[in-house]
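Undergrad: after the sequence you'll find the predicted model.
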Amino acid sequence: MKNFAEYIKEYTDGKSVCILGFGREGKSTYKILQKFCSPDSIAIADLNPVDRIANELPDSVKLICGEDYQKSLDDFDLVFKSPGIVLEKSPSELKCTITSETQVFFTVFREQIIGITGTKGKSTVTSLIYHILKESGKDCRIAGNIGIPVFDIAEGITDQTTIVCELSCHQLEYMTVSPAKAVFLNLFEEHLDHYGTLENYYNAKKNIYLHQRSYDTLWINRKLLTDDIPSVTVTVSDKFNNADVFIIKSKVYDSDDGELEIPYKKIKLLGAHNYYNIAVAWDICRNIVTRAEFNKALLSFVPLPHRLEPVGTYGGISWYDDSISTACATAIEAMKCVPELQTILIGGMDRGIDYSPLVDYLNLTEYRIICMETSGKRIYDMIKDMQFSAPERVFYVPHLEDAVKKAVEVTEQGRSCVLSPASASYGIFKNFEERGDRFQELVKNL
């Protein structure tokens, strides 16, 4: 294992460095540069203003803010790009070296990293694996897209430390190093506003394994199995029993270790889709912890907020917050999981995904469907333009506040309502967490 402090110092020594994006990760990068490095110069570039005094930035740090914040990238040797920044030019068009915290961190620690990506479920699988290892007394750390910049955990890592890292498409897009243990859970239409096509989005995700070595391991959804995988593969499926790891009802089967009975009545993870997440976690952890340790930790695991989270019973209605849902498949899964469901709230930012699977599924149900925002309007129009089974149970309202009010009107007491938008929150809320928090606030104020 390389020494992180020595590596980052050597990597930046004598170079002009630009931190592109000064949010959570950009501030983490600056902290490490200040502590360990001696670059020739440091600059911060951001679309938004950066407060020099509030962030305790000396005059030697150049600030480049405003619409033209990416125009001078070639003035620098190294550019640390934050995941939320969309490059105006591809790295091949730039003279500078585009890098990131994730790139540097993985270069140092790749052998110790379990990296998890996928359109859906990656935060649950990441936090579940970390919880199981931690509860079993293992030396482990969690970071990445889960909300913890990797540089924040870089100090004090030993050869015995296991690092569990959630990876988004934006973190993976320009990566040239992959973790020794990689997980590719699934792929659905997402982020098409940035990538344009599903293929481009898929190619960004593939970097989780494309740079693996022959002795590394990739756990991959059987549907995504391709010929370009350089490492050992473990296929996982919730439908096909010819995968290496598969699920039948509440039992996990794997080719080496028999079966694992999921205590579905005792765990807090709702839904059959979480059996798949548990299966992945089990196969990764089973050579690190005992079966008894795994089962004990599984029972004490508390799911992350806004993922089919029970809000409570208000106005005689049971409310569920699934604000994390930004795809058709997740909204459909939510409808299958929520007990006594009668009403679903759908809609948000329209990223141009195909809503036909969701509309077709809704046509087979008897649910009250409340559509909102731009994608909700498109779904509402699709329903009105087709031979829908019961158009009188479909409603359109402008915003979330209106949707909750309408849900109170159309949902019977003793039944349930779920917010599962099948849409992004951007442009309306800061993120899906803020959307979920607002939904819960509205419900609890009924």
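TA: Noted; the coordinates are in hand. Bear in mind that the values here come from a model prediction, so they are computed numbers and not experimental data.

Undergrad: for the rest of this, base every contact and every neighbour count on C-alpha atoms.
TA: Fine.

Undergrad: any idea how far the residue lying farthest from the centre of the chain is from Val394?
TA: Note on the chain: the largest C-alpha distance from the chain mean falls to Asp59, namely 36.7 Å (Cα atoms, centre = their mean). Note on Asp59: its distance to Val394, by Cα to Cα, to the nearest Å, is 58 Å.

Undergrad: which other residues reach the least confident helix or strand in the chain by mean pLDDT?
TA: When each helix and strand of the chain is scored by mean pLDDT, DSSP states H and E, helix 192-195 comes last, with a mean of 79. Residues from elsewhere that reach helix 192-195, judged by Cα atoms under 8 Å, 6 or more residues apart in numbering: 198, 201, 351-353.

Undergrad: in it, what counts as buried?
TA: By neighbour count on 16 or more other Cα atoms under 10 Å, the buried set for helix 192-195 is Leu192.

Undergrad: send the alpha carbons of the helix or strand following that helix over as PDB?
TA: Using DSSP states H and E, the helix or strand that directly follows helix 192-195 along the chain is helix 198-206. Extracted in PDB, the C-alpha atoms of helix 198-206 (Å, rounded to 0.1, in the frame of the first residue of the first chain):
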ATOM      1  CA  LEU A 198     -28.300   5.300 -22.300                       C
ATOM      2  CA  GLU A 199     -25.100   4.000 -24.000                       C
ATOM      3  CA  ASN A 200     -23.100   7.000 -22.900                       C
ATOM      4  CA  TYR A 201     -24.400   6.700 -19.300                       C
ATOM      5  CA  TYR A 202     -23.500   2.900 -19.400                       C
ATOM      6  CA  ASN A 203     -20.000   3.600 -20.600                       C
ATOM      7  CA  ALA A 204     -19.400   6.000 -17.700                       C
ATOM      8  CA  LYS A 205     -20.600   3.300 -15.200                       C
ATOM      9  CA  LYS A 206     -18.300   0.700 -16.900                       C
END
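
Undergrad: show residues contacting the very next helix or strand once past helix 198-206.
TA: Note on helix 198-206: by DSSP H and E, the next helix or strand toward the C-terminus is strand 217-221. The contact list for strand 217-221, computed with Cα under 8 Å, 6+ apart, reads 180-186, 209, 231-237, 280.

Undergrad: which one (most neighbours) among those residues?
TA: Within these, most neighbours by other Cα atoms under 10 Å means Val236, with 32 neighbours.

Undergrad: give the contact list for that one.
TA: Applying Cα under 8 Å, 6+ apart, we find Val236 in contact with 219-222, 243-246, 280.

Undergrad: could you report the pLDDT at Asp257?
TA: At Asp257, the model reports a pLDDT of 64.

Undergrad: ok, now Glu155?
TA: Looking at Glu155, the pLDDT reads 95.

Undergrad: that older thread, which members of the contacts of strand 217-221 are the farthest-apart pair?
TA: Spanning the widest gap among these are Ala180 and Ser237, at 21.4 Å by Cα to Cα.

Undergrad: ok, Ser375 - how many residues close by?
TA: Neighbour count of Ser375, defined by other Cα under 10 Å: 23.

Undergrad: you'd agree it is up against Ser425?
TA: No: contact criterion Cα atoms under 8 Å: Ser375 and Ser425 do not qualify, at 10.5 Å.

Undergrad: find residues that contact each of these two.
TA: Joint contacts of Ser375 and Ser425 (Cα under 8 Å, 6+ apart) are 348-349.

Undergrad: list of residues touching stretch 297-306?
TA: Residues external to stretch 297-306 that are found in contact with it (Cα under 8 Å, 6+ apart): 123-124, 128, 131-132, 135-136, 266-269, 309, 321-324, 432-433, 436.

Undergrad: just the buried members of the residues you listed?
TA: Listed as buried from those are 123-124, 128, 131-132, 135-136, 269, 309, 321-324, 432-433, 436; burial here means 16+ other Cα under 10 Å.

Undergrad: neighbour-wise, which of the contacts of Val236 leads?
TA: Result: Val245 is most packed of the contacts of Val236 (other Cα under 10 Å), 29 neighbours.

Undergrad: how much space is there between it and Glu293?
TA: Counting by Cα to Cα, the gap from Val245 to Glu293 is 20 Å.

Undergrad: so the protein: which segments form each domain?
TA: For the chain, the structural domains run 4-99, 103-300, 309-444, going by automatic domain parsing.

Undergrad: and the longest one, end to end?
TA: Right, domain 103-300. By Cα to Cα, one end of domain 103-300 lies 33 Å from the other end.

Undergrad: gap between that domain and the chain center?
TA: The chain centroid and the centroid of domain 103-300 are separated by 11 Å under Cα atoms, centre = their mean, to the nearest Å.

Undergrad: try the last one
TA: Centroid separation for domain 309-444 versus its chain: 20 Å, with Cα atoms, centre = their mean.

Undergrad: quick one: end-to-end length of that domain, please.
TA: Domain 309-444 has an end-to-end distance of 14 Å (Cα to Cα).

Undergrad: average pLDDT for it?
TA: The pLDDT scores in domain 309-444 average 96.

Undergrad: any chance of the contacts of Val236 in JSON lines, plus distance to Val289?
TA: JSON lines is the format used below for these (distance: Cα to Cα, whole Å):
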{"residue": "Trp219", "distance to Val289": "18"}
{"residue": "Ile220", "distance to Val289": "21"}
{"residue": "Asn221", "distance to Val289": "23"}
{"residue": "Arg222", "distance to Val289": "25"}
{"residue": "Ala243", "distance to Val289": "23"}
{"residue": "Asp244", "distance to Val289": "20"}
{"residue": "Val245", "distance to Val289": "18"}
{"residue": "Phe246", "distance to Val289": "20"}
{"residue": "Val280", "distance to Val289": "14"}
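
Undergrad: can I get these in a markdown table including pLDDT?
TA: Formatted as a markdown table, the contacts of Val236 follow (pLDDT from 0 to 100):
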| residue | pLDDT |
| --- | --- |
| Trp219 | 98 |
| Ile220 | 98 |
| Asn221 | 97 |
| Arg222 | 95 |
| Ala243 | 93 |
| Asp244 | 93 |
| Val245 | 94 |
| Phe246 | 92 |
| Val280 | 97 |
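
Undergrad: quick one: mean pLDDT over stretch 4-16.
TA: Here the average pLDDT along stretch 4-16 is 97.

Undergrad: how distant is that stretch from the center of its chain?
TA: With Cα atoms, centre = their mean as the basis, stretch 4-16 stands 30 Å off its chain's centre.

Undergrad: what lies in contact with it?
TA: 33, 36-42, 76-78, 104-105, 108, 154-155.
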